[in-house]
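K.L.:
Sequence and predicted model, in that order:
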Amino acid sequence: MAENPVIRLLVDADACPVKDEAYKVAARYGVKTFVVANSAINVPRDPLIERVVVPAGLDVADDWIAERAAPGIVVITADVPLAARCVKAGAIVLAPNGKAFSEQSIGMALATRNLMDQLRSSGEITGGPKPFAAKDRSAFLSALDLAFVRLKRAGFMPDPAS
């Protein structure tokens, strides 16, 4: 581990329903947050929040996030292939509903995603994900708070440059 390991938050911002919650929790811990999208999105005026607009293209935002995933980094995404790349790099990865992706769970998540994708492409009606609910938002807040607490206990600190 580096001499002064840093905690950072990377948000896969396209269609992320918990950006505001992420900003609040990150601010409480003094964690620099990068909000990544391929189009300009509004972010609060805060030195701890940086908007990253990547060029349009397939997986460009995902590539930006995955290239920076490492121990001490928390990634928020519902994109299972991106989650797999980030978990492999040692990052903590949370879905917007608070579900943590881990080395133990990512294989099953990828298999389920691929199966559902295959069913949809063959014309099956799969119904899609459940609507986002208040309990999902609450679970996310708890999971993100816990992720930051665990990183701090492991010796990671907020970025002093922020």
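P.N.:
Done, it's in.

K.L.:
Tell me the bridge partners for residue 158.
P.N.:
Under DSSP bridges, the beta-bridge partners of residue 158 are residue 7.

K.L.:
From what I see, it and residue 27 are in contact.
P.N.:
No - with contact defined as Cβ atoms under 8 Å, residue 158 does not reach residue 27; the gap is 10.3 Å. For the C-beta atoms, the positions are set from N, CA and C on the backbone; glycine is no exception.

K.L.:
who's more crowded, those two?
P.N.:
residue 158 (18 against 14; other Cβ atoms under 10 Å).

K.L.:
Let me see the contact set for residue 103.
P.N.:
Applying Cβ atoms under 8 Å, 6 or more residues apart in numbering to residue 103 gives the contacts residue 87.

K.L.:
Can you tell me how far it is from residue 26?
P.N.:
Per Cβ to Cβ, to the nearest Å, residue 103 is found 24 Å from residue 26.

K.L.:
How about residue 148?
P.N.:
In this structure, residue 148 and residue 26 are 8 Å apart, going by Cβ to Cβ.

K.L.:
which outside residues touch the host helix or strand of residue 147?
P.N.:
Assessed by DSSP states H and E, residue 147 sits inside helix 134-153. With contacts defined as Cβ under 8 Å, 6+ apart, helix 134-153 is touched by 7, 17-18, 21-22, 25-26, 28-29, 31, 72, 74, 76, 92, 94-100.

K.L.:
Please type out the ChimeraX selection for whichever of these turn out to be buried.
P.N.:
The following ChimeraX line selects those of those that are buried, judged by 16 or more other Cβ atoms under 10 Å:
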select :7,18,21,22,25,26,29,31,72,74,76,92,94,95,96,97,98,99
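
K.L.:
Restricted to helices, list the contacts of helix 134-153.
P.N.:
Of the positions in the contacts of helix 134-153, 21, 22, 25, 26, 28, 29 sit in helices, assigned by DSSP state H.

K.L.:
wait, doesn't the second one sit right on residue 11?
P.N.:
It refers to residue 22. Yes - with contact defined as Cβ under 8 Å, residue 22 counts as touching residue 11 (5.7 Å).

K.L.:
list residues touching both of the two?
P.N.:
What both residue 22 and residue 11 touch, as defined by Cβ under 8 Å, 6+ apart, is the set 33, 76.

K.L.:
Find the nearest non-adjacent residue to the residue most central in space within the chain, please.
P.N.:
With distances taken as Cα atoms, centre = their mean, residue 76 lies nearest the centre of the chain, 1.3 Å away. Once flanking residues are discounted, residue 76 sits nearest to residue 11: 4.8 Å by Cβ to Cβ, 6 or more residues apart in numbering.
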